[in-house]
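Asks: Next comes the sequence, and after it the predicted model I'd like to discuss.
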Amino acid sequence: MTRRSRQDRQQARQRGIAAETLCLWLLRLKGYRILARDLRTPVGEIDIVARRGLTLVAVEVKRRARLEEAAEAIGQQQRRRILRALAWFAQRQPDGEGLTMRFDAMLLDGGLLPRHIRDAWRDGG
C-alpha cells in the first residue's frame, strides 16, 4: 500500500466536500431539511443528517471511480458507528423519540448526479 501525498489527500478532501455539497442540494430539492453536515459525535460521524416528515435520516456520501466501489466502501464497522451517532443525535432532539431513523447512501462515480439509495441498510449494520 502506498502512502498518498499531502496534495493527493487535500484533493481527495476537496472532491469529498464537493460531493457532499451536491448531495445536500439534491436532498433539499427532494424535500429534506438538512439538520447537520459532517456531524462529529463522541460515538461516530455522519456526513449528512436530514429530516423529512417524521423520519430522521443519516446519509453517508461516497465517491469512487465506480458506483459498486462506492457502495462497497461503506463497511459494517462504519455502519455501526453511523447508527450510534444517529441515535446520539436523536436523543438530543426535542421530538427525537417520535422519529423513525433511516440510513441512506448517496453514491457518486463522476456522473452528473449522485445515486440516492434510500434505506441502504438496517439498524443491525
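Replies: Received the coordinates, thanks.

Asks: Now for the closest residue to Pro42 other than its chain neighbours: which residues touch it?
Replies: What sits nearest to Pro42 in space, not counting adjacent residues and going by C-beta to C-beta, 6 or more residues apart in numbering, is Trp88, at 7.1 Å. No exception for glycine: its C-beta is placed from N, CA and C like everyone else's. The contact partners of Trp88, taken as C-beta atoms under 8 Å, 6 or more residues apart in numbering, are 41-44.

Asks: ok but Trp88 is inside a helix, no?
Replies: Yes: with the criterion set as DSSP: H, G, I helix; E, B strand; the rest coil, the secondary structure at Trp88 is a helix.

Asks: follow-up on the earlier one: so which of the contacts of Trp88 wins on neighbours?
Replies: Across the contacts of Trp88, the neighbour count under other C-beta atoms under 10 Å reaches its highest value at Gly44, namely 21 neighbours.

Asks: Thought Ala87 was touching that one, still the case?
Replies: No: because the distance of 9.4 Å does not satisfy C-beta atoms under 8 Å, Gly44 is recorded as not touching Ala87.

Asks: Sitting in strands, which of the contacts of Trp88 do you find?
Replies: Helix and strand membership here follows DSSP state E; of these, those in strands are 41, 44.

Asks: neighbouring contacts of stretch 31-41?
Replies: Outside of stretch 31-41, the residues within contact range by C-beta under 8 Å, 6+ apart are 20, 24, 27-28, 45-52, 56-57, 84-85, 88-89.

Asks: tell me, which helix in the protein spans the most residues?
Replies: Of all the segments assigned as helix in the chain under DSSP state H, the longest by residue count is helix 6-29.

Asks: That one: how far from the chain's middle?
Replies: Relative to the mean C-alpha coordinate of its chain, helix 6-29 is positioned 11 Å out (C-alpha atoms, centre = their mean, to the nearest Å).

Asks: So which bits of that helix are buried?
Replies: By 16 or more other C-beta atoms under 10 Å, the buried positions in helix 6-29 come out as 16, 19-20, 22-24, 27.

Asks: possible to save those residues as TSV with distance to Trp121 and pLDDT?
Replies: Below are the buried residues of helix 6-29 laid out as TSV (distance: C-beta to C-beta, whole Å; pLDDT from 0 to 100):
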residue	distance to Trp121	pLDDT
Gly16	21	84
Ala19	20	91
Glu20	19	94
Leu22	22	95
Cys23	17	96
Leu24	21	97
Leu27	18	98
